[in-house]
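Chemist: for reference, the sequence and a predicted model appear below.
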Amino acid sequence: MSLLLTLLGAAAVGVTLGLLGAGGSILAVPVLVFLAGQPVQVAIPTALVVVLLSSLGALLPRLRSGVVRWPVAAVFAVGGVPAALMGARIGAALPERVLMPVFALLMAVVAVRMLRDARPLGTACRTSGAARPERRRCLPKALGAGAGTGALTGVFGVGGGFAVVPALTLLLGLTAAEAAATSLVVIAVNSAAGLAGHLGAHLSLPLIVSFAATAIAASTLTGRLARRVPPERVRRTFAWTVLALAPCMALTAV
């Protein structure tokens with residue numbers, strides 16, 4: 001029964017990544033802690049493996065459509081990779097009684113952010129045809145956003161797509177489809193960097209294989225169906241689920 005629930009949780013991670021290009025990774029750690037019974041220090045690097053593989057699975061159907069903005073993803077990677085490596089070291093050093101409540105707070109912030117309507121800031125940067133001065137103003141924003149999401153990935157084992165997608169749309173002016181696809185590249189790169197910072201952790205290979213295979217299958221399938229499903233409904237359902245799980249993560253530390 002526990003294995004079945006864990007695989008259902010893995011499917012939820014993959015479905016959310018496939019539909020939204022973000023968000024599913026923050027479910028991975030609670031699923032691994034509550035349903036698979038892993039300590040949080042093991043659940044975080046395990047989640048990074050799963051998030052890396054499932055984000056690649058969700059990315060594959062989008063490659064042919066040409067919506068991935070590779071230069072933008074590269075800028076995010078420049079800021080995100082060193083931050084993810086440093087964050088992984090910080091996360092590994094934090095005791096569980098500290099890490100769990102902070103992670104619960106992060107979950108609550110993400111849920112509230114997704115429940116609120118994202119309104120344009122009026123300062124979005126164009127991704128093509130921009131003048132050089134405008135590009136120079138946008139580059140620090142992109143590097144800063146990349147570093148912030150990379151740090152979140154390393155410390156908490158989350159892909160950071162919930163922060164990447166708003167940054168891509170509001171700061172850099174990408175469309176929703178471009179942001180969802182490009183965020184998957186950023187999530188994969190940050191997850192790989194964060195995982196490198198957790199080398200030496202004792203992970204369960206059978207759990208990783210079963211969890212990742214389920215998440216990849218779900219993300220690949222739903223990635224093909226993303227245009228047919230109302231993203232607003234998926235986003236709100238996911239947000240309420242994360243908000244309900246946040247107090248459970250905090251109480252686990254107690």
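Modeler: Noted; the coordinates are in hand. Worth saying up front: this structure is predicted, and the values here are computed from it rather than measured.
Chemist: residue contacts, Leu207?
Modeler: The contact partners of Leu207, taken as CB atoms under 8 Å, 6 or more residues apart in numbering, are Thr6, Leu32, Ala36, Gln38, Thr46. Just so you know, the C-beta spots here come from the backbone N, C-alpha and C atoms, and that holds for glycine as well.
Chemist: take those and lay them out in TSV including secondary structure.
Modeler: Below are the contacts of Leu207 laid out as TSV (DSSP: H, G, I helix; E, B strand; the rest coil):
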residue	secondary structure
Thr6	helix
Leu32	helix
Ala36	coil
Gln38	coil
Thr46	helix
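Chemist: who wins on neighbours among those?
Modeler: Leu32 (28 neighbours; other CB atoms under 10 Å).
Chemist: report pLDDT for that residue.
Modeler: Note on Leu32: pLDDT of 84.
Chemist: now it: closest residue in space, sequence neighbours ignored.
Modeler: Once flanking residues are discounted, Leu32 sits nearest to Ala43: 3.8 Å by CB to CB, 6 or more residues apart in numbering.
Chemist: and what of Leu143?
Modeler: Distances taken as CB to CB, 6+ apart place Gly79 nearest to Leu143, at 4.0 Å, with adjacent residues excluded.
Chemist: burial count for the one you found?
Modeler: Neighbour tally, Gly79, other CB under 10 Å: 23.
Chemist: gap between it and Gly18?
Modeler: Distance of Gly79 to Gly18, given as CB to CB, to the nearest Å: 26 Å.
Chemist: likewise Thr175?
Modeler: Note on Thr175: its distance to Gly18, by CB to CB, is 18 Å.
Chemist: of those two, which one has the most company?
Modeler: Gly18 (32 against 13).
Chemist: so the more buried one touches Ala58, yeah?
Modeler: Yes - using CB atoms under 8 Å, Gly18 makes contact with Ala58 at a distance of 4.5 Å.
Chemist: which residues touch the residue nearest to Leu143?
Modeler: Ala142, Leu143, Gly144, Ala145, Gly146, Ala147, Gly150.
Chemist: now the two most distant members of the residues you listed.
Modeler: Across those, the longest distance by CB to CB is 12.2 Å; it joins Ala142 and Gly150.
Chemist: which of the two has more neighbours?
Modeler: Neighbours were counted for Ala142 and for Gly150 using other CB under 10 Å; Gly150 has more, 31 against 23.
Chemist: now that one: how far from Phe76?
Modeler: Distance of Gly150 to Phe76, given as CB to CB: 8 Å.
Chemist: so Val31 sits against Ser2, correct?
Modeler: No - assessed by CB under 8 Å, Val31 is found out of contact with Ser2, at 11.2 Å.
Chemist: the two: who's more crowded?
Modeler: Neighbour count, other CB under 10 Å: between Val31 and Ser2, Val31 has more, with 25 against 10.
Chemist: tell me how far that one lies from Ala193.
Modeler: Taking CB to CB as the measure, Val31 falls 22 Å from Ala193.
Chemist: before we move on, what about Ala239?
Modeler: Counting by CB to CB, the gap from Ala239 to Ala193 is 27 Å.
Chemist: higher neighbour count, those two?
Modeler: Counted by other CB under 10 Å, Ala239 and Ala193 do not tie: Ala193 has more neighbours, with 24 against 19.
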